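S.K.: generate a structure from the sequence data that follows.
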Amino acid sequence: MRRSCRPRPSILSRLNCGQCNRVLFFSIGVGLGVLIVRQKDRIKEELQNASSDKKSKPKD
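M.R.: Predicted structure coming up:
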């Protein structure tokens, strides 16, 4: 795999590198997407558990 920057720039100069920024923003976007999908799945499971608890409780 080829490095995107030659020679290796410092951390501050990587902020101006277009290729480094693409990789950075792509990885941040993927991470946020995974978090959002997990949050939606967890909310869906909680709603299903709550509805099944209501159905299983007998009314007095």
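S.K.: low-confidence stretches in the chain?
M.R.: Along the chain, the parts satisfying pLDDT under 70 run over 1-7, 57-60.
S.K.: helices of that one, start to end?
M.R.: For the chain, helices defined by DSSP state H occupy the ranges 11-14, 18-56.
S.K.: using CSV, lay out those helices together with mean neighbour count.
M.R.: (Glycine included, C-beta is placed from N, CA and C.) Formatted as CSV, the helices of the chain follow (neighbours: other CB atoms under 10 Å):
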stretch, mean neighbour count
helix 11-14, 10
helix 18-56, 10
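S.K.: surely Cys20 meets Arg14?
M.R.: Yes. Counting by CB atoms under 8 Å, Cys20 touches Arg14, with 4.5 Å between them.
S.K.: phi, psi for Leu15 please.
M.R.: The phi/psi pair for Leu15 (degrees, to the nearest 10) reads phi -60, psi -30.
S.K.: over to Cys17?
M.R.: According to degrees, to the nearest 10, Cys17 has phi -80, psi 120.
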